[in-house]
Every structure is written in C-alpha cells, then in structure tokens.
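K.L.:
Okay, here's the prediction I keep looking at, along with the sequence it came from:
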Amino acid sequence: MSCACGRQWRPVPEITLLLPSVLQPLAGGQSLLTMPVGGPVTVGGLLNAVAADYAVLGRRLRDETGALRRFVNIYIDGDEVRRLQGLETEVLPGQEVLVIQSVAGG
Amino acid sequence: MVRMATAAESFVLAIGTKKGLWLATSKDRQDWSFTGPHFLMAEIPSIGIDTREGRTRIMVGARSPHWGPTVAHSDDFGATWNEPEHGAIKFPEDTGAALERVWQIYPDAESRPGVVWAGAEPISLWKSTDGGEHFELNRGLWDHPHRSEWGAGYGGAAAHSIVVDPAGETVHVAMSTGGVYRSADGGTSWEARNRGISAYFMPDPNPEFGQCVHKIAADAAVAGRLYAQNHHGVYRTDDNADSWNSIAEGLPADFGFVMLTHPRRDGTAWVVPLKADGERIPPDGRLAVHRTDDAGNTWKRLSTGLPEREYNSVLRDAASVDTAEPAGVYFGTRGGTVYASTDEGETFREVASHLPDVLCVRAAVAAGA
C-alpha cells in the first residue's frame, strides 16, 4: 500500500480499548479508544495513558492506589486480566482490550 | 449557619438514596417540585447544602458499586454537575489508602466562607477551602496513634459526624467505632473525648475510645453543649465533651441513629428511637420523632401525620433541619418514604415515597434561587 506521495505506508501499531456505554460519556462519547504503541505495553501502562487523556474515566476504573476497582473487569482476547498477570499483563499491538462491569448487585 | 425564611425565599430538599439523588424545591414547604434521579445507580450517602456567598451549592458524595466514589457539586439545583477531574477527595500516595465512601459533607460557619469539611471511609477527616471542590486530608487525625485500634461499625469505618464551633477553633468528630475526638486547635491535634459514654459491648465498658457513637450535634446557643446518639445511649455534654451524661430517660428506646439540633434555640434536639439491638425497627412498629426543649431532661413524642405502622429504620444522616422559622424537620426511611414537618416536628406529612432506601436527607432555605 502506498500513499499519494508514493511512499510506502505502514499502519501504525495500535491497541484498541472498548468501553461499555455507561463510560463512553467520559471519553468524549467514544466507544473505543485507539492508542498507537511501539510494542507490548502492560494493562497498567495502557490505563495510565487513558487516565492522562481522560482523568475521570481513569478514576472510574482504578482507585488512587492504582488498583483496579473490584467490579471492573478487563479482558484481553477473552481472558480476564486477574486470571493472567493483573495490571502487569502485557498487551500486544493489534489486540483489543475490553472493559466490562461485573454483573453484580441489585 | 442561620438563615431566616421570608416570603420571597424558597426551600431546597435533597434526598440521597441507595440508587440516586432526588432534589426538590418549594416556595412554602408544602408543595415540592422534584427532579431526579440524579446519579442513577450510585448511592448518595452524603449531601452538603452550602447557602453561603449568595448561592446554593449542593455537594454530594456519590458511590457507584462499579465505578467507585466521587464528590460532585451543582450550583443550579442539579441542572448541571461538576466533578473535579482528579477527584475532590483523593488520598495522598504515602497513605497507601483509597477512598471508599464519603459519609459527611459539612459546610463551615458563615464566618468561614469557602470552608467545607468532609468525613470519609476509611476513617478520615478532610477540609476544603474552595467551597468543596478540593479537599485536603487532615493529617492530625490520620496519624493519630489510636488509628490502629479504631474499628468498623456495621456500615463501615468512617468519620461520620463533624461539628465545628462557629466562633472558635474547636472541632469535634465522631466515628464508628472510635467515638468522639476533639481538636482545640482547628484540627491540628486530636484527643479522645468519650468519658461517660458506654461501650457495653467491650471488655471495659468505659474505655477512653472505641465507643460506637452514631451521631453528634451541637446545641445552637449554648457553647460547649453537644448531644450524642450512641449505640444504646443518648447523651449530653455541657463541657465541650470532657464528660457526657445520659439523657435517655423518657425515651422509648435509647438506640437510634439520628441526632438533630435546632438552628437557633438552645436546648432543642430531636431523635428517632429504634428498638435494638436485635430488632432495629421503631418500637412496636410505631414510628415517632422525639423532641426535647430542655436539653434532654424531658422528651415529647411526636407522631402526628406519621403512619400507624412503619417498620423501616431511619439512618444517621437521613434526617435534617432547615433554618426557617419555625424550623422544618425532615427524615427518610429505609423504605423510601420521606416525611417533613414545618412546625418543628409537631405535625408531619409525607413528601416522597417509594424511593430506594433513603441514606441522606438535607434541607435548607435556598439562596440565589
């Protein structure tokens, strides 16, 4: 693939974060956030980047110690990160990260 | 803070529930116009209505079970809400703590505009000097050597009552389950002040601290006089909490959560007794407010307008007085009904019902309406 100037175009590696509808107003109405990355990043690093752009959204996902809130679940390719390495779990360019709230309470 | 109602003024009533906030305004305290739910699906355990500086600012502590706690405020009766990006209450990194729930939002005296206090879980006291937009942790209480021995009440471990002397530097806080602490220097240093309050559930029923004080309130006109509703026991101090004495005689039960005082008149306070410890309903299912006009020497049962049977309890902050003349008295039940009186409790009427559990009620004479 090439652009109009004739130079070779390579897609920038990125990670996509998908948000539930209840959180989308805190991300400017977006349902997914794409973040260009140069290589693998941790879930924690990804959430730091989100919080830098959308501070209130960041506070909804983690408390001020950095811990993931109890009923916030983050999935990478179908696996919840608590069953992996938690916030240290690596995410690769091209992967999708899904935020889902627990089905809990009444 | 004292604000007299006039014909031109209006009233605001805020009801925090387990699943959101309802706001009401009224010109006569009879007909209320409601909006809500605001913050649907978040519990609202704390509300502060700040009518200083010519405007009505409603501040709420909201907590979503999924997305955590936060503090927001509105200066337009809930039409819009503002939440500081990085949070109004945020534990400093070195504490290693995270905010669980804001239990109390308490505007300071008229003489200290902009100052707002907050009590939170984990047990902590906070002070804002910018009208409740940002709070700073009170390090004196946070670093108190008793901290490791403070316990959690059934609802959590929190500073839930804040009483500030409008004319001086004395601050009292009450916490579950640590009891009453007093600062004589504006909050720099703190001492336990529970002598006379029973902690019957502990090996030593008269400890220095560890009492389960449910609510404290200051007498409007007598300096150094406060009232406490305890986990069994109703008390008064006349010496700034150096010593407490029982004023429970004449009440149908010495358990309850509410302690309200009149905005101007000395000696007047209200409680809502509950039968405890194993029942926690109004005694025999007969809900009544009890008022004293002589600082707890005698009590008057007030139930006109209340239902014949009501089995729901009234939580510590689910009751409020306004500053009108005569004072209004408001309270809500865990069954989602809110009752209001415009004659200091002599008669009540239902102003809202079928809401989720009522956690917090605040009423005020509105400013800038």
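P.N.:
That came through fine.
K.L.:
What about the closest residue in space to B:Phe348 that isn't next to it in sequence, how many residues nearby?
P.N.:
Spatial nearest neighbour of B:Phe348, chain neighbours left out: B:Gly305 (3.8 Å); criterion: C-beta to C-beta, 6 or more residues apart in numbering or on different chains. From N, CA and C alone the C-beta is placed, and that goes for glycine too. Under the neighbour criterion other C-beta atoms under 10 Å in any protein chain shown, B:Gly305 is assigned a count of 14.
K.L.:
cool, B:Glu93 as well?
P.N.:
10.
K.L.:
In contact with the closest residue in space to B:Pro326 that isn't next to it in sequence, which residues are there?
P.N.:
Among residues not flanking B:Pro326 along the chain, B:Glu344 sits closest, at 4.9 Å (C-beta to C-beta, 6+ apart). Taking C-beta atoms under 8 Å, 6 or more residues apart in numbering or on different chains, we find B:Glu344 in contact with B:262, B:268, B:291, B:326-329.
K.L.:
and the gap between B:Glu344 and B:Arg301?
P.N.:
Using C-beta to C-beta, to the nearest Å, one gets 14 Å for the distance from B:Glu344 to B:Arg301.
K.L.:
likewise B:Ala223?
P.N.:
With C-beta to C-beta as the criterion, B:Ala223 and B:Arg301 are 29 Å apart.
K.L.:
got it, and A:Met35?
P.N.:
For A:Met35, the distance to B:Arg301 - C-beta to C-beta - is 64 Å.
K.L.:
quick one, which of those two is more surrounded?
P.N.:
Remark: of A:Met35 and B:Arg301, A:Met35 carries more neighbours, 19 against 15, as counted by other C-beta under 10 Å.
K.L.:
and that one, backbone torsions?
P.N.:
phi -120, psi 120 (degrees, to the nearest 10).
K.L.:
That one touches A:Glu14, doesn't it?
P.N.:
Yes. In this structure A:Met35 lies within contact range of A:Glu14 using C-beta atoms under 8 Å: 5.9 Å.
K.L.:
which strands and helices sit next to the longest helix along chain A?
P.N.:
The single longest helix within chain A, with elements called by DSSP state H, is helix A:43-53. Identification of packing neighbours for helix A:43-53 by 3 or more C-beta pairs under 8 Å, 6 or more residues apart in numbering or on different chains; DSSP states H and E yields strand A:14-18, strand A:32-36, helix A:55-61.
K.L.:
Try it again at 6 Å.
P.N.:
Helices and strands touching helix A:43-53, as assessed by 3 or more C-beta pairs under 6 Å, 6 or more residues apart in numbering or on different chains; DSSP states H and E, are absent.
K.L.:
Next, the buried residues of it.
P.N.:
A:43-47, A:49-51 (16 or more other C-beta atoms under 10 Å in any protein chain shown).
K.L.:
where does the stretch 51-200 of chain B come near chain A, residue by residue?
P.N.:
B:65-68, B:85-87, B:90-91, B:98 (C-beta under 6 Å from any C-beta of the partner chain).
K.L.:
Give me the below-cutoff pLDDT ranges for chain B.
P.N.:
Applying pLDDT under 70 to chain B flags the ranges B:1-8.
K.L.:
ok, the most centrally placed residue in it - contacts?
P.N.:
Nearest to the mean C-alpha position of chain B, by C-alpha atoms, centre = their mean, lies B:Asp317 at 4.1 Å. Neighbour list for B:Asp317: B:Cys360 [criterion: C-beta atoms under 6 Å, 6 or more residues apart in numbering or on different chains].
K.L.:
separation between it and B:Val329?
P.N.:
B:Asp317 is 14 Å from B:Val329, by C-beta to C-beta.
K.L.:
so what's whatever residue of the stretch 251-369 of chain B ends up closest to chain A up against?
P.N.:
Here the residue of the stretch 251-369 of chain B nearest chain A is B:Pro356; by C-beta to the nearest C-beta that distance is 10.4 Å. The contact partners of B:Pro356, by C-beta under 6 Å, 6+ apart, come to B:17-19, B:336.
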